[in-house]
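Participant: From the sequence below, what's the structure:
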Amino acid sequence: MVPKRVLSVPHLSEGSNQDLCLESTLDELPLYDFSVESSSLGVEVARTFEKYPRLPGAILLDRGEFVGMISRQRLLEYLLRPHGMEIFLHEPLDVLYSYARTEVLVLPGSKPILTGAQLALRRSGELLAEPVVVETATKTYKLLDIHELNIAYWQIRGIETQVRYERAQAQMIQSEKMANLGRLVDGLAHEILDPVNFIWGNLTHLTNYSEGLLQLMAAYEAKLTDGSEEISALKQEMEFDFLQQDMSQAIGSIKTGAERLKKLATSLQNFCHIDEIYPKPADLNACLDSIVLLLKSRLSSEIEIVKNYGLLPPVTCYIGQLNQVFMNILTNAVDALLNEAVHQKLVRSFNEEGQQSSTGKPRIEITTKVCSLDSDARWVSISIADNGPGLSPKAQKQILESFSIAKRSEKETSLALSYRIVTAKHGGKFLMRSCSGELGESLLGSGTEFEILLPLV
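Facilitator: Have a look, this model is predicted:
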């Protein structure tokens, strides 16, 4: 007598109590736990399906090992065939499964819901309604109803759309805020330039007036036969000889200060320039000089700026946006060199032998030139390279991944923004070069180079 087999009671896990998010995985969804031995009779499984109408299928085991899955739809389809009940109902499931065997989609529970739904939708048309087998962390297998997966997929898609909308709104607000700030700074720079121009314009006259007064005093003194004691005392009190020598130097120092302030205010105006609808020709060498001048407060005496400017024609571009690109790259280079300088100081302070592992003075090299990449095309190349520690392969991979649309929607970094401005807005190329050691670590002195290529039209 064959002993009666008792099937396990189907159990439904309600999944995580947390709301779904973009990173939600399959194990957070309701999963059906119902497995049977392949030697069980088809009638036993049919009765279970009748008792639990929402049960999408059954996991098939052979001595406890996973061998496949048969869905409710597939079982009923074969039982309703001519003589199907006579052939399959009182036979073991492995007989039915040998006829009803189909490709089973098995996914780990850690798989994101968005990815899982896309894989399920790629199946052939006859398999689209089949449940998905989910392998849990404990190496057990459960069933996921395809309708539950589709509902969760569209819920997350709705969340994703809402997040993108909110990010777009925040970006618009931030852009408007930065535009208003740019107008404010532009107006402030204009207000600074007015008195500076007034000072600069009057310094020339002041120089002529002082020289004339000194010449007049020298002429009076030459005509006086007997020097007055009162005049001599006054000259000694005011240190007339030193005043005569120092006055021209003081006026020259005022001129130098006024000139620096004028250049700084002009650079600030150029950086805050709001681009118009159409691009305009610009002198990129002068723009780079303006950015370097703005960063001068962060450039300590330890960092050297080397400029290798070539003869560039005016480049038609959105100069306000390119200024932002130059600022982003130079800021990253300065940060890397400053961090490395601090690290080297700490190394030297703890190094008993006093050996220096530095590769020389921190340096940023800016090179501009006109080059030809194709036979008939000419490009303007702007290269910004440092002699810092370089980037590890992991860091390079993260930067390159941030250039993708998917990563930019999550978080747009300064380099990702620069990449989009150069490539999408100007039709150019944004290249990155860096070396690392044999083990993938940053290599001191290898440096990092960013090259911007803009087409000449």
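Participant: Going along the chain, name the helices of the stretch 301-450 of the chain.
Facilitator: Per DSSP state H, counting those that start in this stretch, the stretch 301-450 of the chain carries helices over the ranges 319-350, 393-402, 405-410, 414-420.
Participant: mind listing what's buried in the first one?
Facilitator: Think helix 319-350. 319-330, 332-334, 336-338, 340-341, 344 (16 or more other Cβ atoms under 10 Å). Just so you know, the C-beta spots here come from the backbone N, C-alpha and C atoms, and that holds for glycine as well.
Participant: For the stretch 101-250 of the chain, just list every one of the helices.
Facilitator: 113-121, 146-223, 229-237, 240-271.
Participant: which residues make contact with the third one from outside it?
Facilitator: Counting by Cβ atoms under 8 Å, 6 or more residues apart in numbering, helix 229-237 makes contact with Asp241, all of which sit outside it.
Participant: Please state the offset of it from the chain centre?
Facilitator: 71 Å (Cα atoms, centre = their mean, to the nearest Å).
Participant: quick one: low-confidence ranges for the stretch 151-300 of the chain?
Facilitator: Where the stretch 151-300 of the chain drops to pLDDT under 70, the residues are 170-171, 173-183, 186, 225-227, 272-277, 300.
Participant: what's the least confident stretch among the helices of the stretch 301-450 of the chain?
Facilitator: Mean pLDDT values for those show the minimum at helix 405-410, a mean of 58.
Participant: one step back: can you say which of the helices of the stretch 101-250 of the chain is packed in most?
Facilitator: helix 113-121 (a mean of 17; mean count of other Cβ atoms under 10 Å).
Participant: from the middle of its chain, how far away would that helix be?
Facilitator: Relative to the centre of its chain, helix 113-121 is centred 27 Å away, using Cα atoms, centre = their mean.
Participant: returning to what we had before: out of the helices of the stretch 301-450 of the chain, the one nearest Leu128 is which?
Facilitator: Nearest to Leu128 among the helices of the stretch 301-450 of the chain is helix 405-410 (25.9 Å), distances taken as Cβ to Cβ.
Participant: Glu259 is nearest to which of the helices of the stretch 301-450 of the chain?
Facilitator: Glu259 sits nearest to helix 319-350 of all these, at 21.8 Å, using Cβ to Cβ.
Participant: And that closest one, what does it pack against?
Facilitator: Under the contact definition 3 or more Cβ pairs under 8 Å, 6 or more residues apart in numbering; DSSP states H and E, helix 319-350 sits against helix 240-271, strand 280-282, helix 284-294, strand 363-371, strand 379-386, helix 414-420, strand 448-455.
Participant: can you tell which of those is closest to Asn308?
Facilitator: Going by Cβ to Cβ, the one of the helices and strands packed on helix 319-350 nearest Asn308 is strand 363-371, 4.3 Å.
Participant: how far is the closest one from where the chain is centred?
Facilitator: Worked out by Cα atoms, centre = their mean, strand 363-371 lies 24 Å from the chain centre.
Participant: repeat for stretch 212-224
Facilitator: With Cα atoms, centre = their mean, you get 69 Å for stretch 212-224.
Participant: Put the alpha carbons of it into PDB.
Facilitator: Provided in PDB are the C-alpha atoms of stretch 212-224 (Å, rounded to 0.1, in the frame of the first residue of the first chain):
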ATOM      1  CA  GLY A 212      55.300 119.300 -10.500                       C
ATOM      2  CA  LEU A 213      55.200 120.400  -6.800                       C
ATOM      3  CA  LEU A 214      58.500 118.700  -6.100                       C
ATOM      4  CA  GLN A 215      60.100 120.500  -9.100                       C
ATOM      5  CA  LEU A 216      58.600 123.800  -7.900                       C
ATOM      6  CA  MET A 217      60.000 123.300  -4.400                       C
ATOM      7  CA  ALA A 218      63.400 122.400  -5.800                       C
ATOM      8  CA  ALA A 219      63.400 125.600  -7.900                       C
ATOM      9  CA  TYR A 220      62.500 127.700  -4.900                       C
ATOM     10  CA  GLU A 221      65.200 126.100  -2.800                       C
ATOM     11  CA  ALA A 222      67.800 126.800  -5.600                       C
ATOM     12  CA  LYS A 223      66.900 130.500  -5.600                       C
ATOM     13  CA  LEU A 224      67.200 130.900  -1.900                       C
END
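Participant: picking up where we left off before, in CSV, list the helices of the stretch 301-450 of the chain along with distance to Pro82.
Facilitator: Below are these laid out as CSV (distance: least, Cβ to Cβ, whole Å):
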stretch, distance to Pro82
helix 319-350, 72
helix 393-402, 57
helix 405-410, 52
helix 414-420, 63
